[in-house]
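Student: predicted model and sequence follow; I will ask about them next.
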Amino acid sequence: MGLGVLSLFAERDLISVPRLGQLPGIVGMVLAVAVFALALRGVLANPHPSFVATVFLALGAALVHLGGLWAAAVAEGAGAIDATAAAGQLVLGGASAVIVVAALIAAWVAIALRRTEARAPRWPWEKDDDEQP
């Protein structure tokens, strides 16, 4: 959503490199989400994870997004110069900042939930058999 809002308010495409389709952006985002999720899973394995990890998770997601976009653009035949221009547009246009902020928020919430050992809310009648009333 953040990238869509950025594009709407900036009144321009986030990536406007000729001969570059949508595939590089999709590949970059899928890789960023996958790496973020796997790294977050590793962080959450600790019963008391540190909030410092949010910075590394967010920066990692943004860097993987840029790397995935660049590699997919080169594989699509755009060439290294056009791929670098597309990655540069994401950084200079603020799209990478939006990804960092979204990843920071998501990681912080996940770590906060893990640290508080939050559970799903339960109705009074959903007690286990071994619980006392």
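Tutor: On my side now, so go ahead.
Student: how about R114: what's its closest non-neighbour residue?
Tutor: Nearest in space to R114, with sequence neighbours left out and distances taken as CB to CB, 6 or more residues apart in numbering, is L44 at 5.0 Å. For the C-beta atoms, the positions are set from N, CA and C on the backbone; glycine is no exception.
Student: that neighbour reaches R115, doesn't it?
Tutor: No. In this structure, L44 is not within contact of R115 by CB atoms under 8 Å, at 9.7 Å.
Student: poorly predicted segments of this protein, please.
Tutor: Within the chain, the segments meeting pLDDT under 70 span 128-133.
Student: got the contact list for the helix or strand encompassing L57?
Tutor: L57 is part of helix 53-75, with elements assigned from DSSP states H and E. Residues outside helix 53-75 that contact it (CB atoms under 8 Å, 6 or more residues apart in numbering) are 15, 17, 20, 23-33, 35-36, 39-40, 43, 80, 82-84, 86-87, 90-91, 96, 99-101, 103-104, 107-108, 111.
Student: of the residues you listed, select the buried ones using a ChimeraX command.
Tutor: Written as a ChimeraX command, the selection of buried residues from the contacts of helix 53-75, which uses 16 or more other CB atoms under 10 Å, is:
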select :15,17,20,24,25,27,28,29,31,32,33,35,36,39,40,43,82,83,84,86,87,90,96,99,100,103,104,107,108,111
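Student: so which of the contacts of helix 53-75 sit within helices?
Tutor: Those of those mapping onto helices are 23-33, 35-36, 39-40, 43, 80, 82-84, 86-87, 90-91, 96, 99-101, 103-104, 107-108, 111, per DSSP state H.
Student: gap between L3 and A112?
Tutor: Distance from L3 to A112, counting by CB to CB, to the nearest Å: 25 Å.
Student: who has more neighbours, the two?
Tutor: Higher neighbour count among L3 and A112: L3, with 16 against 13, using other CB atoms under 10 Å.
Student: P24 touches D82, doesn't it?
Tutor: No. Using CB under 8 Å, P24 makes no contact with D82, being 9.8 Å away.
Student: hang on, W108 packs against S50?
Tutor: No. Counting by CB under 8 Å, W108 does not reach S50; the two are 11.3 Å apart.
Student: skipping adjacent residues, who's closest to V27 in space?
Tutor: Using CB to CB, 6+ apart, the closest residue to V27 is A72 (3.8 Å).
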